[in-house]
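Novice: Quick one: sequence and predicted model below, then my questions.
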Amino acid sequence: MQRFARTHRRDFLVASSSVLAGLPLGLSNLARGIAMDSTPTQAPPNQSDSKNPKAKSVILFFLCGGASHVDTWDMKPDAPLEYRGPFQSIATSAPGIRLCEHLPLVAQQSHHLAIVRSVGASVSTNDHHAGYYYNLTGHVPDPTFLSLGNDRRPYADDWPFMGCVVGAKVPQHPDLPNVVTLPHKPSKAPYTRPGQFAAKLGVEYDPLYVDGSLDKPLQFQAPSLVLTGDTTAGQLQSRTELLQRMNRAQRDLDRVARQSHWTKQQERSMQLLLSSGTTRAFDLESEPVSVRESYGSTVNAMSLLLARRMVEAGVPFITIFWKENEAIADACKSEGAWDTHGNNFECLKKHLLPEFDRGFAALLADLHQRGLLEQTLVMVTSEMGRKPKIGDPRSGGTSGAGRDHWTHCQSVLLAGGGVRGGHAYGTTDRYGEYPADNPVTPADIAKSVYHAVGIDNLQATDNQGRPYQLLDEGKPIQALFA
């Protein structure tokens, strides 16, 4: 961490006791509902079942809002203008792969990429909550997503985020959490997106959330790991005193599912706070200026660089949720990210694609140069694609030059971790509306992630001792792997 803030002691006690739940300071009612009402299940066994798993870590780069597949990595140059838009495609370092002209740096790294263009299986709600859930868990959203829409909160019995499944199945990191999410938790409360939590696995497997700042992109802070008030590092050495204080702070929380679970959180919090490895991993200022500049200066760029440091530190699963820039929200008729209901092409050209291009290309090159790409699965996805026909009624129709939500089809980028680079898997129809050849679903993508890290056994046990499968649907896309 860059520095430790100084506030009230009780804030520290509450925050540090909730580190594994990834809960920030000041527990909200929603967070309490997620963390405290869930009944922990028996943890799945730590294991890697495949004989030769390639990926030791996974970096998931999630383009919040719904990135346009037809304007980026599945362009349709022969489609009518009202579908294809003004962007041209360019050749890349991979023969036969063409990308958008506004991705020149990623084009140079395309020999590392496998582009899955045929991810389909429509979501009936056509909204963000359901898209997050489907693409993060591999499970089809249940009927509550249709009836509640954006009021659908994360539930304790939801299916778990694929990152939490990986974190639960592989050995525990000695110093750091197995699952780290940065630079924010989408979306703004009370509209927290379902699908990003451990849910029915139990809060013990939730990510550690790390906050980044648009104004200070080098500074990242995990609220759960901040020393505050008059609590010193020396006092932390006294295990008895620390646990006594946490037990008193426990009474300020509504309830805790099981005492054993609470004890595990206490012990893990103290280990993280005392670990020198925790501080080193978050110290971006120790990176050479030239490396930082290669990624760019934004909080999303620095999140990618921090992810690379997490890989070096041996963290199994790191998620970067693209952080919105509210300064461009009005221009894009969005929240400042990839939800480009209006002015789609100018927003992509001037803001979103240059930032993505620089940061993502730098990540691939950096991992490759350090000999880390082969053991790191890198994935780019989103909650949906964008409607191929230009014009969203909510932003002026055709004249608004926007693209609406489109959950019927999207693309996923994969690199490293045993993935065979330089090719595309699957196709879409001539407009980019629906999968054509080799259609797959988010369940197949999730199973491919599990395959890359060597997880074949997806069995877990509920609180009644009954076994169940974490994901029945889907199968690994074997053609992706070398």
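Specialist: Received, thanks. Residues are numbered from 1 along each chain as shown.

Novice: Just the helices from the stretch 101-250 of the chain, written as ranges.
Specialist: Along the stretch 101-250 of the chain, the stretches classed as helices by DSSP state H, counting those that start in this stretch are 104-108, 128-137, 143-148, 162-169, 233-236, 239-250.

Novice: worst average pLDDT in those helices?
Specialist: Out of the helices of the stretch 101-250 of the chain, helix 233-236 stands lowest, with a mean of 54 (criterion: mean pLDDT).

Novice: tell me the contacts of the residue nearest to H423 when sequence neighbours are not counted?
Specialist: Leaving aside its chain neighbours, H423 sits nearest to A114 (5.9 Å; criterion: C-beta to C-beta, 6 or more residues apart in numbering). For every residue, glycine as well, the C-beta is placed using N, CA and C. A114 is in contact with 413-415, 419-425, 480, counting by C-beta atoms under 8 Å, 6 or more residues apart in numbering.

Novice: how about 7 Å then?
Specialist: By C-beta atoms under 7 Å, 6 or more residues apart in numbering, the residues touching A114 are 414-415, 419-421, 423, 425, 480.

Novice: What of G149?
Specialist: Counted by C-beta under 7 Å, 6+ apart, G149 has contacts 125, 127, 129.

Novice: By neighbour count, which of those wins?
Specialist: Ranked by neighbour count (other C-beta atoms under 10 Å), the contacts of G149 have H129 at the top, with 26 neighbours.

Novice: Please state the backbone phi and psi of the most centrally placed residue in the chain?
Specialist: Geometric centre of the chain, nearest residue: T319, 3.4 Å, by C-alpha atoms, centre = their mean. Dihedral pair for T319: phi -120, psi 130, per degrees, to the nearest 10.

Novice: coming back round to it: closest one to R394 out of the contacts of G149, please.
Specialist: Here the nearest of those to R394, counting by C-beta to C-beta, is D127; it sits at 13.1 Å.

Novice: I'd guessed that closest one sits against N150; true?
Specialist: Yes - counting by C-beta atoms under 7 Å, N150 is a contact partner of D127 at 6.4 Å.

Novice: And the residue nearest to H423, what's its pLDDT?
Specialist: A114 is assigned 98 on the pLDDT scale.

Novice: Ends of stretch 459-475, what's the gap?
Specialist: Taking C-alpha to C-alpha, to the nearest Å, stretch 459-475 runs 15 Å from one end to the other.

Novice: and it, which residues are buried?
Specialist: By neighbour count on 16 or more other C-beta atoms under 10 Å, the buried set for stretch 459-475 is 460, 470-471, 474.

Novice: Narrow the residues you listed to those in strands?
Specialist: In this view, those that belong to strands under DSSP state E are A460.

Novice: one step back: in JSON lines, list the contacts of G149 along with distance to N325.
Specialist: Shown next, in JSON lines, are the contacts of G149 (distance: C-beta to C-beta, whole Å):
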{"residue": "T125", "distance to N325": "26"}
{"residue": "D127", "distance to N325": "22"}
{"residue": "H129", "distance to N325": "22"}
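
Novice: Of those residues, which is the nearest to P104?
Specialist: D127 (33.2 Å).

Novice: Tell me, what's the model's pLDDT at the nearest residue to the closest one once chain neighbours are set aside?
Specialist: Using C-beta to C-beta, 6+ apart and skipping residues adjacent in sequence, the residue nearest D127 is G149, 5.9 Å away. Per-residue pLDDT puts G149 at 90.

Novice: swap in A121?
Specialist: At A121, the model reports a pLDDT of 83.

Novice: Just give the number of residues close to it.
Specialist: A total of 18 residues lie near A121 under the criterion other C-beta under 10 Å.

Novice: And for L148?
Specialist: The burial count for L148: 12, using other C-beta under 10 Å.

Novice: any idea how far A156 is from it?
Specialist: L148 is 16 Å from A156, where distance means C-beta to C-beta, to the nearest Å.

Novice: Repeat that for V166.
Specialist: Applying C-beta to C-beta to V166 and A156 gives a distance of 20 Å.

Novice: More neighbours: the two, which one.
Specialist: V166 (26 against 19).

Novice: So that one versus L470, what's the distance?
Specialist: As for V166, its distance to L470 is 11 Å (criterion: C-beta to C-beta).
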